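Enquirer: Have a look; sequence and predicted model below, questions after that.
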Amino acid sequence: MVTRAPLSSPKPRRGWRWAVLGIVVGALLALVLFSPARWLAAGLSSWSDGRLLLVNPRGTVWNGAAAVVFASGAGGGEAVSLPGTLNWRLRPSWGGVSASLDLPCCAAQPLELRAGPRAGGVQIDWGDGRSRWPATMLSGLGAPWNTLKLEGTLDLSTRAFSLRTDGPVLRIAGQATLDATDVSSSLSTLRPMGSYRLALEGGNRPSLLLSTRQGSLELNGSGSWNGTAFRFNGEASAAPGSEDALSNLLNIIGRRDNARSIITLG
């Protein structure tokens, strides 16, 4: 009688499995770390409906550079470029992602931002700081800015400022102040027309206050944000002796009421 040796079952090739898994993980990690900057540019364009563009992007999603263009959206004919180049650095963490935006034309120090998920939404925190922007950039956003064609400087300062989405509700905290200095418009021969301040105060019911610092065009008003909608009521008027130079502008920026122009939003 011949006795046959039992057949040995094949051993699982675990070594190969770990090798394949390592290749896949490595490929995914490389894809994340070296994602081209044009992916970020495409995402930003889609999110802003073509109003904020990164042109000629280079580098990666995490470290890159590009020109910044404000545009009037897909199919729009208006576009304004900021001078110089934006250099960015993104750093992910378990709590979200932090961003450092170096834009020498408009900020002496890099702008610092942090975004991360929160219960029911996302929160974006702005680092305290100051920046200066040309008012001409607003023309690239289309109507009504392309009609007004404003010139001057816009100084933005933020303090403990943050935005948080909670489902359909947008919550605002902290303070943001925008000083518009030596503002002029193509609709008036008066140059400059004046200097103004917009002060945003966050909280349970965020408020916005518009005031005139100086000038022949007097703008004043106030508004509030209820979490889903914005309401603003204000008025514009011309200082004595400037009525003719500002008449055309007053007809456009609001509803004319004798010498005043009533501004209502929301």
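Expert: Alright, I've got the coordinates.
Enquirer: any idea of the mean pLDDT in the helix or strand where Arg130 lies?
Expert: Assigning secondary structure by DSSP states H and E places Arg130 in strand 129-134. Looking at strand 129-134 alone, the average pLDDT works out to 94.
Enquirer: Which residue is the nearest non-sequential neighbour of the spatially most central residue of the chain?
Expert: Centroid check for the chain by Cα atoms, centre = their mean gives Leu52 as the closest residue, at 8.0 Å. Computed as Cβ to Cβ, 6 or more residues apart in numbering, the closest residue to Leu52 that is not its neighbour in sequence is Leu44, at 5.9 Å. In short, each C-beta sits where N, CA and C put it, glycine included.
Enquirer: Using the three-state scheme, assign the one you found.
Expert: In three-state terms, and counting by DSSP: H, G, I helix; E, B strand; the rest coil, Leu44 is helix.
Enquirer: Thought Pro57 was touching it, still the case?
Expert: No - proximity of Leu44 to Pro57 does not meet the contact threshold set by Cβ atoms under 8 Å, at 9.6 Å.
Enquirer: Of those two, which one has the most company?
Expert: A direct count of neighbours by other Cβ atoms under 10 Å for Leu44 and Pro57 places Pro57 higher, at 22 against 17.
Enquirer: hang on, the earlier thing: who's in contact with the residue nearest to the centre of the chain?
Expert: Leu44, Ser45, Val68, Val69, Phe70, Ala71 (Cβ atoms under 8 Å, 6 or more residues apart in numbering).
Enquirer: Among these, which one lies nearest to Ile262?
Expert: Minimum separation from Ile262 among the contacts of Leu52 (Cβ to Cβ) is found for Phe70, which lies at 28.7 Å.
Enquirer: Serialize the contacts of Leu52 to JSON lines and add fields for pLDDT and distance to Glu78.
Expert: Listed next are those as JSON lines, based on pLDDT from 0 to 100; distance: Cβ to Cβ, whole Å:
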{"residue": "Leu44", "pLDDT": "89", "distance to Glu78": "18"}
{"residue": "Ser45", "pLDDT": "89", "distance to Glu78": "15"}
{"residue": "Val68", "pLDDT": "94", "distance to Glu78": "15"}
{"residue": "Val69", "pLDDT": "91", "distance to Glu78": "10"}
{"residue": "Phe70", "pLDDT": "87", "distance to Glu78": "8"}
{"residue": "Ala71", "pLDDT": "84", "distance to Glu78": "7"}
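Enquirer: quick one: which of those is nearest to Ala107?
Expert: Taking Cβ to Cβ as the measure, Ala107 sits nearest to Val68 out of the contacts of Leu52, at 12.1 Å.
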